[in-house]
Structures are given as C-alpha cells and as structure tokens.
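J.: Give me coordinates for this.
(chains A, B, C, D, E and F)
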4 protein chains.
Amino acid sequence: MIDLAKKKRAAATPAAPARLGRPRDEAARAAILRSANAILEEKGIGGFTIEAVAARAGVAKTTIYRWWPSKGALAMAGFLAETAPKISYPNSGSARADLISQLRRVASVYGGKTGRVLAAILAEGQRDPNTMTAYIEGYARPRREAAKAILSAGVERGELRADIDLEATVDVLYGPIYYRMLVPLAPLDPKWAEKMANHVFAGLLKSRPTSPKRS
Amino acid sequence: MIDLAKKKRAAATPAAPARLGRPRDEAARAAILRSANAILEEKGIGGFTIEAVAARAGVAKTTIYRWWPSKGALAMAGFLAETAPKISYPNSGSARADLISQLRRVASVYGGKTGRVLAAILAEGQRDPNTMTAYIEGYARPRREAAKAILSAGVERGELRADIDLEATVDVLYGPIYYRMLVPLAPLDPKWAEKMANHVFAGLLKSRPTSPKRS
Amino acid sequence: MIDLAKKKRAAATPAAPARLGRPRDEAARAAILRSANAILEEKGIGGFTIEAVAARAGVAKTTIYRWWPSKGALAMAGFLAETAPKISYPNSGSARADLISQLRRVASVYGGKTGRVLAAILAEGQRDPNTMTAYIEGYARPRREAAKAILSAGVERGELRADIDLEATVDVLYGPIYYRMLVPLAPLDPKWAEKMANHVFAGLLKSRPTSPKRS
Amino acid sequence: MIDLAKKKRAAATPAAPARLGRPRDEAARAAILRSANAILEEKGIGGFTIEAVAARAGVAKTTIYRWWPSKGALAMAGFLAETAPKISYPNSGSARADLISQLRRVASVYGGKTGRVLAAILAEGQRDPNTMTAYIEGYARPRREAAKAILSAGVERGELRADIDLEATVDVLYGPIYYRMLVPLAPLDPKWAEKMANHVFAGLLKSRPTSPKRS
DNA sequence: ATGTAAACGAGACGGTACGTCCAGTCTTGAA
DNA sequence: TTCAAGACTGGACGTACCGTCTCGTTTACAT
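T.: Just a heads-up that it's a prediction; the model follows:
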C-alpha cells in the first residue's frame, strides 16, 4: 500500500509541486495584478500604494505582501501580466523593416498609458534595486536579445554593416524612445519613432540608398 | 546715510524691490542646496527626504519650505547649483568632434554620482509634474538648444547632412546615455559613449568614409 | 474491510458513541496544553498567541480552534490540565491551621511561574467574558467551596465565630494573595501570607467589641 | 542689554521651561485623555485601541504616540486625569470609621465604570511592565501610604493593636476589593465592603489569643 | 533708539502609507 | 472525521515623512 501511494504520487506529479494546504486563490492573484496595472495607468506612480491596490482588488494587504515583496515587484508583475504581452516582435526578413515596424509599435504603446506604467517602474527602480533587477531580467534583457537577433540576422544577410556593436545599437534605437517616454519634451509617437530610426539606420546600412533617405 | 543706502541700492539693483525685514540667510541657502545634493549623491532618491536635508544642513524644515515648494524643486535647485555647471559645451569647429567630446564627458559624469542625482530628479519627475517641468525648462531644454546649435553649425559647414531633424538627432545622441544612466544593464562610460556616437554619426555625415569606420 | 473496522471500534469502545472518521489525536491535545502552559509561564500573556502555541506544539492552528473557542479557553484548559492539580486542600481538623497551611502553599505557587499563568488568565478574562466565566466556574468557584467547607467546619467546631459571612471571609483571605500576584508591589511568599492570615484571624482592633458586631 | 534680557527672563520664568517651538496643544491633550477614559469605561480594554482613541479625540495617532509611549501609559494617564481625583481619603479621627467609609466609597467607585478602567489598566499591566510600574508609582503606592497613615494614627491612638504590620493590613483591606473588581463572582458594593472590613477589624476567631500573636 | 517686518529655529499638529503581527476562517489532501 | 498545511480577510500596531502651523528669536531697514 505504501508502494502504491508512492507510485501514484510519482505518476501523478512528474513536475507537480505536491500541493499542501489551501491552494492559492487565482482570482485574487489576477485581481491584484489587474488593479495594480489599472492604478498605474490611471494615476501613475503617485497614486500607486499597496493599500490602494488592495482596496481596488478587494483583497487584504497581507495577501499582496505574501506574494510580492515590494511595490516595485508588484508593479513589475502587473506590467508583465497585463500589458507586456501586447508588444511582440515581427519577423519579415528585413532587419530595417522589422525594427522600424517594432519601434513604431513600441512608440505607440509607450506613448500611451502603458508608458505611464513603465515609467513608474523605472522610477520605482531608482529607489529599489530589486525592482530594477526585476525589470532588467524580466523585461529588458529578453527584449534586447530579440532585438539583437533581428540585427544580427540583418548582418548575416548582408543588410547591415558587419562591424556594428549589437548592444550599442540596441541602445541607440531604444534609448531615445525611453527618454521621450520619461520626459515629455515632445510627444512620443510612431511618426517620430520612424524618423528617428531612419536617422540611425542611414548609418547602419551597408549600402546606402543612392538618393538621400526620406526623413 | 539714508540717502547713501538708497543710492547704493538703487545703483546696485536698479529694479530691486527694496527688501524689508530680515534678509535671507545665504549661508542657510547654500547649506541646504549642498546637503540636498550630497544626500542624493550618497543615498539616492530613497534617502532624500526634506527632514534629512534639513537635519544635515542644520536648518529648520520651514526654511526649506519657504523657498522651495517641493522635494523635486529642491532636488533640481541643488543639482543646478552644485553639479550642473560642471558640464559645459566645447566648441572646436567640428560638430562631430565637439559632440563626441561632449558625449564622452557627459557619459563620464552621468555614470558617476551626478547620475544618481539626475536619475533621482527624473524619478521624482514621474510623480510630480512641476519637477519634470523644472528639469525640462531649467536643464534639458537649454542644453538641447546648445546641442542643436552645434549640429546646425555642422550642417551649415557641410559637415552634416542637410536633411537631418535636429530634435530627433538630439534624442538619438542623448537618449541612450539617459537610458544607461537609469538602467544599469551595462556600465555608462566614455568608451561606450564614443562607440555609440560613432554608430550614429556614420549615418549623419554627408560624406561617409570609404572604408567602414572602426568603432 | 469497512465492516472489520467498524467491528474493531465497536469492540474497543462498548459505550462509545460510535465515532466515525479519524479519532482525535490525544498526543496533539496534550502537546497543545503543555505548550500553552509553557508559553504562559515563560513569556506571560504578551507572548501567548495561538500561532505560538501551535508552532511550539507542532500542530496546525485549525486543530486548536477546533477544540478551544478562544485564547482564554485554551489558557484556562492548559492551566487546569497542567498546574491546577498541584494545589489541593489539606484537612487536619483545625480551620486556622488548615487555611494557613493552604494559604502558604498557594502563595508559594502563585508567587512563582504558575502565578504568571493565572495572572494571564485574569488579564485575558478582562477582555473576554467567556474566559472569565471559565475561570470562575472551572477554578474559582469549586475552590471557594472547598475553603468555605473548612471555614464552616471551624464554625461548627466552635473554633471560629458563628456570625462570619463565609463568602466575605474567603474574599478576605484570598483577595490579598491575588492582589500581590497581579501587582508586584512586594513579593508574594509564604511568610507574608501567614502574617497576613494571622491578621485576619486575630483581627485588627485592640479591644474586641463585646457584643458581636453587626455585619 | 544682555543683562536686562537675562533679568527679565529670570524674573518672568522662575520655573518656566523656556518654551521653544510650537507649544503643546492643551485641547488635544485633554481630548485624548477624555477619550481614552471614555472608551475604557464604555468598552473596556477590548475596545481600547490607540486608533479608536485618536479617532474619538479627533486627533492624529502620532500626536498620541508623541506623548505616551504605550497603550498602558495612555490608559494610566487618562485614569489619573479623569477619574482618580474622585476618590480621596477622609479623616474623622477614627481609623476604623475612616477606613470603612473609604472602603465603602472605593467599593462603590470600583464597582462602577471606573472599575472597568482600573481593571483594564491592571490587565494591560500584565503584558507591559511599564504600565504596571506607572500604576504602582502613580496610583497604588501613594494611596497605600495614605491608608497606612490612617492605620498608624489608629495604632498610636490605641484604637488598633500595636503589633500589626501596616503593609499586610493594607493588603488585607484592599486586596478583596480588587479581587471582586476583577472577578465578577459577586457584586462589588459598599454593603459587602463594610461587612468584609468588619470581619477584618474584628477578626475571625471566637476567642482571641491572650498574648498578641507573633507574625 | 526704536519699531516694523520678514526670516529663522524649533517643534507640535493632522495625515497617509508603510510593512508586520495575529486573529479567526477557509480549503485542500492525507490519515 | 481529524489533522497538517497554509492561504485568506481583516484590524491594529508603531514608524517615517509629509506639509502646515504656531511660537519665540533674530536681523536689517525705516523712522
């Protein structure tokens, strides 16, 4: 009988965590993340307090603290769960076309309320290193890798110069978008993003267009 | 004696408002700004509280609130008074050389403790629009104008392409620096800044080097 | 197999109410009471939390709540199970001797860590009437009855005055001990208890009123 | 001039503490103490929370914490300010009459809502030693001294036996009242108090020992 | 010389949110 | 049916700063 039980467990849970105790309330989890995001979108970081999130989600503060160690972690989780999936990468075969298309979309999204969420995360990241790390490892790094993959495909294809530094290039393409997202000197929109990217690309392309590019 | 005083003031400050009452304590003013800056440099925005600044400056909270309306305003004032002057613009006759030299210096400064101050200001700016405005009007805009002047001189001199958009170009050159300042994905140093700028310039120069530049 | 189990239980407990399901874990019960008492002895009421008791007993909180409705009930149960039995009543034939001997022992016990437990129960009783009731009915009342029996035997024997009020007399003898137990104005020890009791037995007045006093 | 200023201050404030900063708000202080007392009277210790007191007094929690280090300290202060003054000592020339009159009044007061306050303080004192100390030094000790003074006057006058121990006697007279205040076995009223006191004064033994007992 | 008016230090005040501790309840799987 | 485990709602805790306020004191000019 002991054997049977053992076998059963082994069979039933090849990767299952053998849950014990009351299972986590998924509805609460979802409500918290949704609320966190909504508050950041509507009020920005100024109105983003754990108490406000708890109240809006109809949840006790302790439930939030049980699962997320800090405001920043919660903001990041909400962002990843709710809005990050909206921004993916295209793949058409042209590095320039793909990236410009992606930058346009990113500009459009970051220029809207999602930008407020991301700005809040970066602001919070200035006071809490863990938040910054969560942002870097959970969002920035993977997306940079995706961008670098497109760039390096372009290099191999002969579309882009062979001597470009991928990291620096990603910085050059995305840094301006973040700056405009954080600093409302001027609107952050797809048109500007395309113009900006064209400035950059004109220097990255191996063979330059004979006729001066359109800005 | 009355006449003398009047004359003196009239001479020294033709538009002075004939101050009444105890004059502002310049030592206190200086101590406050120095303390604000020092705290931001040492602790970052997390440790930057009005009470901490007051305590460090040996000053009453009221004295701070009398002159600066908010935390962000104080941070900005401290930054402008203490560290902003350190970063000026060169003028050698070559837009590319001038800008790269400037970008190297900026990278070096923003990569150090001054960067922490600026990052704190931008973070605070996310919650307080007035702080953001103060940063934009008091720091960002004038410096962008200086950068644009160099660029446009380069255009007129024929060094740079005529069709570049100055605003977008400034974004492209400085955005990446700000991003690295805010996000410690990778160090922010002059070497990287130069490499990054070269990537950008290779596309901005009217006549490109025949052999691909070495970054 | 079901039948077997049933039969076995039925056989083992001929007068049992035909219990169904898992039987109560007596070891857990004992561990809980022991832990409750130990915590009260060591930390006093301040450290006495259901969670602490559960942790120390190696038991789930639910198991405690299943059997005891409140903190006070648990404290009382622990006290009755562990330490109350230690204090019984003697019976030598002299009310005065018996009571003084008993008061000495009570003072000694209440002056030690058992006193902390009892003090905690009375404190908890101030916020929860059920705890107070449990203390009164489960401990105080029966012991008062025992004391009254000794007193009334003394009266019948002619050792004590006939006009004494038993309830008031018990209050007079035990009230001071409780006061010293609760208020560390001065130590609670057998020597003091004997002196105090002698005052009560002998009275305070230099000359006794000839006619029995009116109560 | 310096001398003048010094003289003036010295003259004006023989005992004044040379106030600095905004003076304490006496209205807030009074409201807090009043509220603390009222809550203890109405709800007992169970409803006595700092937040409730603050809310009722229309005062910020911080204002309470600024002046009283703990719940117990606040309760004690409220008690001393509001209700303690009501219970004073008489002085008629007879120890027995004075004490019985006083015990009747104390029983009457402790049997009412003031008793709930005092019971709460003693309960809180079981978890916080500072509260206990405050009770002892601020209330119990001085009142015991007053009682002892009456007793010792009675001794000198020849009304009371010369060999009584004053401390033990006070315990005997007041201990029962406290016990009934804390434990609602039976009502605490003046009639009972008088009967109880008479037992003490007269003694329990039918025949008194000829030679004064040795305690 | 004295009076007026602003600046300053000190610090109390009403508040908001923090992050934590426990209470007491609930939900699951195993015994 | 009990038990262990542990997630849940909820109330209060004591703390840190906020931005405002009320003082007594200081300083410089104006009379």
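J.: Every contact and neighbour count from this point should use C-alpha atoms.
T.: Will do.
J.: centroid residue for chain A?
T.: Chain A has A:Tyr139 as the residue nearest its centroid, 4.2 Å off, counting by Cα atoms, centre = their mean.
J.: which ones are touching that residue?
T.: By Cα atoms under 8 Å, 6 or more residues apart in numbering or on different chains, A:Tyr139 lies in contact with A:Leu80.
J.: Tell me if A:Arg19 really is in a strand.
T.: No - A:Arg19 is assigned coil when assessed by DSSP: H, G, I helix; E, B strand; the rest coil, not a strand.
J.: which SS state does the residue of chain A found nearest chain D fall under?
T.: Of all residues in chain A, the one sitting closest to chain D is A:Glu51 (17.5 Å; Cα to the nearest Cα). Following three-state DSSP, we place A:Glu51 in the helix state.
J.: Quick one: residues contacting it.
T.: Per Cα under 8 Å, 6+ apart, neighbours of A:Glu51: A:Lys61.
J.: State the distance from it to A:Glu82.
T.: Between A:Glu51 and A:Glu82 the distance, using Cα to Cα, to the nearest Å, works out to 20 Å.
J.: repeat for A:Asp25
T.: Counting by Cα to Cα - A:Asp25 and A:Glu82 are separated by 18 Å.
J.: ok, those two, which is more surrounded?
T.: A:Glu82 (17 against 9; other Cα atoms under 10 Å in any protein chain shown).
J.: If I look at the more buried one, what pLDDT would I see?
T.: According to the prediction, A:Glu82 has pLDDT 84.
J.: And A:Thr210, by the same measure?
T.: The model's pLDDT for A:Thr210 equals 37.
J.: ok, then the element right after the helix or strand of chain A with the lowest mean pLDDT?
T.: Within chain A, no helix or strand scores below helix A:2-12, which has a mean of 38 by mean pLDDT, DSSP states H and E. Downstream of helix A:2-12, the next assigned helix or strand under DSSP states H and E is helix A:26-43.
J.: close to DNA strand F, is that next one?
T.: Yes - if you take Cα under 7 Å from any atom of the strand as the test, helix A:26-43 does meet DNA strand F, through A:Glu26, A:Ala28, A:Arg29.
J.: Among those, which one sits closest to D:Ser108?
T.: Closest approach between these and D:Ser108, by Cα to Cα: A:Ala28, at 54.5 Å.
J.: Leaving out sequence neighbours, find the closest residue to that closest one.
T.: A:Val59 (6.9 Å; Cα to Cα, 6 or more residues apart in numbering or on different chains).
J.: distance between stretch A:47-67 and the chain's centre?
T.: Here stretch A:47-67 is found 23 Å from its chain centre; the criterion is Cα atoms, centre = their mean, to the nearest Å.
J.: mean confidence score for it?
T.: On average, stretch A:47-67 scores 98.
J.: Where does pLDDT dip in chain A?
T.: Applying pLDDT under 70 to chain A flags the ranges A:1-18, A:90-91, A:203-215.
J.: Spell out which residues of chain A are next to chain B.
T.: Residues of chain A lying close to chain B (Cα under 8 Å from any Cα of the partner chain) are A:44-46, A:119-120, A:122-124, A:126-128, A:132, A:136, A:163-164, A:168-169, A:171-179, A:182-183, A:185, A:192, A:195-196, A:199-204, A:215.
J.: now those: which count as buried?
T.: A:44-45, A:119-120, A:122-124, A:126-128, A:132, A:136, A:164, A:168-169, A:171-179, A:182-183, A:192, A:195-196, A:199-204 (16 or more other Cα atoms under 10 Å in any protein chain shown).
J.: Just the ones of those in helices?
T.: A:119-120, A:122-124, A:126-127, A:132, A:168-169, A:171-179, A:182, A:192, A:195-196, A:199-204 (DSSP state H).
J.: DNA strand E next: which of the buried ones among the residues of chain A next to chain B are close?
T.: Answer for these near DNA strand E: none qualify (Cα under 7 Å from any atom of the strand).
J.: how about the residue nearest to A:Lys191 when sequence neighbours are not counted, what does it touch?
T.: Excluding the flanking residues, the one nearest A:Lys191 by Cα to Cα, 6+ apart is A:Arg104, at 7.2 Å. Each residue near A:Arg104 by Cα under 8 Å, 6+ apart is listed here: A:Asp189, A:Pro190, A:Lys191, A:Ala193, A:Glu194.
J.: Could I get the contacting residues of the fourth one?
T.: Put plainly, it is A:Ala193. Neighbours of A:Ala193 in contact, by Cα under 8 Å, 6+ apart: A:Ile100, A:Leu103, A:Arg104, A:Ala107, A:Ile177.
J.: What is the nearest of these to DNA strand E?
T.: Set against DNA strand E, the nearest of the contacts of A:Ala193 by Cα to the nearest atom of the strand is A:Ile177 (28.5 Å).
J.: list the contacts for A:Asn37?
T.: Taking Cα under 8 Å, 6+ apart, one finds A:Ala75, A:Gly78, A:Phe79, A:Glu82, A:Val117 in contact with A:Asn37.
J.: go with 6 Å
T.: A:Asn37 makes contact with A:Gly78 under the criterion Cα atoms under 6 Å, 6 or more residues apart in numbering or on different chains.
J.: What of A:Ala95?
T.: A:Ile150, A:Leu151, A:Gly154.
J.: So which of the residues you listed sit within helices?
T.: A:Ile150, A:Leu151, A:Gly154.
J.: burial measure for the first one, as a count.
T.: Burial of A:Ile150, expressed as a neighbour count using other Cα under 10 Å, amounts to 21.
J.: can you check the last one too?
T.: Residues lying near A:Gly154 (other Cα under 10 Å) number 19.
J.: thought it was touching A:Ala162?
T.: No - assessed by Cα atoms under 6 Å, A:Gly154 is found out of contact with A:Ala162, at 9.2 Å.
J.: Just read off the phi/psi values of the residue in chain A that DNA strand F sits nearest to.
T.: At 2.5 Å from DNA strand F, A:Gly21 is the closest residue in chain A, using Cα to the nearest atom of the strand. For A:Gly21, the backbone dihedrals (degrees, to the nearest 10) come out as phi 80, psi -180.
J.: Straight-line length of stretch A:52-65, end to end?
T.: 13 Å.
J.: ok, it near DNA strand E or not?
T.: Yes - judged by Cα under 7 Å from any atom of the strand, stretch A:52-65 comes into contact with DNA strand E at A:Ala52, A:Lys61, A:Thr62, A:Tyr65.
J.: Quickly find the element holding the third one.
T.: Under the criterion DSSP H and E, the helix or strand holding A:Thr62 is helix A:61-67.
J.: Near DNA strand E, which residues of chain A are found?
T.: A:9, A:19-23, A:47-52, A:61-62, A:65, A:70-71.
J.: Name only those of the residues you listed that count as buried.
T.: A:Phe48, A:Ile50, A:Ser70, A:Lys71.
J.: Helices - which of those land there?
T.: A:Ile50, A:Lys71.
J.: Which members of the buried ones among the residues of chain A next to DNA strand E define the maximum pairwise distance?
T.: Applying Cα to Cα across these, the maximum distance is between A:Phe48 and A:Ser70, 11.9 Å.
J.: what residues does chain A put near DNA strand F?
T.: Counting by Cα under 7 Å from any atom of the strand, the residues of chain A near DNA strand F are A:20-26, A:28-29, A:58-63, A:66.
J.: that older thread, so which of the contacts of A:Arg104 comes closest to D:Ala146?
T.: Taking those together and measuring to D:Ala146 by Cα to Cα, the closest member is A:Asp189, at 84.6 Å.
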